[in-house]
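Participant: got a structure for you, letters missing:
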């Protein structure tokens, strides 16, 4: 990348003292610190990865930090999203982030974008910044960020985490690869797991997010060697770090052949079911394998409730559950299947609809032709049907 220009304004007395440990590093010094002051960085997500990245980039003196996030702070976020605290539960994450970042460093201009990053707004948002830190937790957003960065010529500082493992790299820099060079196609939607369903060690996003901040600072100042062309793999359970080399793919549709000239529908590309199409399928009572929360609620209200099967764990059941549901954790389903009626209409649910989708597929293979998945799980139910339900 071409490094941000030096800030026109010299560092004031407060900044000279605040950034003293940077200023005495020959690799950064006054020039590097002034480049940080002039830099504009956009953080995609104010969650597990965005939290540590934002905290350290603000502390480092990045002049303008943009934060994009459409969610509110939830209690279950606080195990890893250290940008927020208990008092901020219920606040938009971008507002909570702004309060914390401005308190850390009043010299930083924090710009909040309380919205979901989409194909409609990505190009305009990213164009305002020098580089992007991708702290998203889903494949559609990762492909969207990648394609927008390639089209705009913006570096993409990537990170991801799941359970005890994490990854980090730098894409779309010089002749290095982009995200599509490494992951040409998204995995099948039914096989995708996320932190909400599979869990994540709370400190692991802190580790990966800090690595993203390190890479961002190096890109801005020109210090050292970045992860461009390399993918860092972190095994937190065994504390092992491994780096693999990733070359640009000359057949990559984004940065190779340049076939991608505009942003697309990334939910469709990644096989994520839209709410509209899910609802349409859910109204086909004879063949649908999914049902939306609203459609299920209408059935219950009409007195035609199907049998409800909860395949979460017992601790999740204790937090929140649907009325008259039966708990059979996913791992216990094969042993309990003989107690279920294969001729009955059965709606299966979990937290976000991932485990229950796997359960429905298994049940249908074993003769339960009327089994259906509650799309979005109990989390979506709490948002669309019963906001008073405790979320986790």
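Facilitator: Cool, the structure landed. Predicted model, so just to flag it, every value in this text is computed and none were measured.

Participant: Quick one: list the elements packing against the lengthiest helix in the chain.
Facilitator: Secondary structure of the chain read by DSSP state H shows that its longest helix is helix 204-221. Contacts defined by 3 or more Cβ pairs under 8 Å, 6 or more residues apart in numbering; DSSP states H and E place helix 204-221 against helix 29-38, helix 50-60, strand 131-134, strand 156-162, strand 165-171, strand 230-235. For the C-beta atoms, the positions are set from N, CA and C on the backbone; glycine is no exception.

Participant: swap the cut-off to 10 Å and go again
Facilitator: helix 29-38, strand 40-44, helix 50-60, strand 131-134, strand 156-162, strand 165-171, strand 230-235 (3 or more Cβ pairs under 10 Å, 6 or more residues apart in numbering; DSSP states H and E).

Participant: Which one of these lies nearest to residue 341?
Facilitator: For these, proximity to residue 341 was assessed by Cβ to Cβ; strand 156-162 is nearest, at 35.8 Å.

Participant: do you know which of the helices and strands packed on helix 204-221 lies nearest residue 327?
Facilitator: strand 156-162 (25.2 Å).

Participant: Pairing partners for the closest one, with directions?
Facilitator: Strand pairing for strand 156-162, determined by DSSP bridges: strand 131-134 (parallel), strand 165-171 (antiparallel).

Participant: Could you say which of the ones you listed is packed most deeply?
Facilitator: strand 131-134 (a mean of 27; mean count of other Cβ atoms under 10 Å).

Participant: How about the secondary structure of residue 110?
Facilitator: Here residue 110 is recorded as strand under DSSP: H, G, I helix; E, B strand; the rest coil.

Participant: got a list of what it touches?
Facilitator: For residue 110, the contacting residues are 54, 58, 64-67, 94, 97-102, 104, by Cβ atoms under 10 Å, 6 or more residues apart in numbering.

Participant: one step back: got the buried residues for the longest helix of the chain?
Facilitator: By neighbour count on 16 or more other Cβ atoms under 10 Å, the buried set for helix 204-221 is 204-221.

Participant: same deal with stretch 375-392?
Facilitator: Buried, per 16+ other Cβ under 10 Å, within stretch 375-392: 375, 376, 377, 378, 379, 380, 381, 382, 385, 389, 391, 392.

Participant: Can you give me the end-to-end span of that stretch?
Facilitator: 17 Å (Cα to Cα, to the nearest Å).

Participant: avg pLDDT for it?
Facilitator: Average pLDDT, stretch 375-392: 88.

Participant: for it, the distance to its chain's centre please.
Facilitator: 19 Å (Cα atoms, centre = their mean, to the nearest Å).

Participant: same deal with stretch 8-17?
Facilitator: With Cα atoms, centre = their mean, you get 35 Å for stretch 8-17.

Participant: and what of stretch 88-96?
Facilitator: Taking mean C-alpha positions (Cα atoms, centre = their mean), stretch 88-96 and its chain are 17 Å apart.

Participant: now do stretch 49-58
Facilitator: Distance, centroid of stretch 49-58 to centroid of chain: 15 Å (Cα atoms, centre = their mean).

Participant: same deal with stretch 146-157?
Facilitator: Per Cα atoms, centre = their mean, the displacement of stretch 146-157 from the mean C-alpha position of its chain is 17 Å.

Participant: What separates the first and last residues of that stretch, distance-wise?
Facilitator: 10 Å.

Participant: Adjust the sequence numbering to begin at 28 for everything that follows.
Facilitator: Got it, the first residue is 28 from now on, which makes the last one we talked about stretch 173-184.

Participant: Any buried residues in it, and which?
Facilitator: 173, 174, 175, 176, 177, 178, 181, 182, 183, 184.

Participant: Filter those down to just the ones in helices.
Facilitator: Filtering these for helices - DSSP H - leaves 173, 174, 175, 176, 177, 178.

Participant: Contacts only, for residue 115.
Facilitator: 99, 100, 104, 105, 108, 122, 123, 124, 126, 127.

Participant: Quick check: pLDDT value at the third one.
Facilitator: Spelled out, it's residue 104. At residue 104, the pLDDT recorded in the model is 92.
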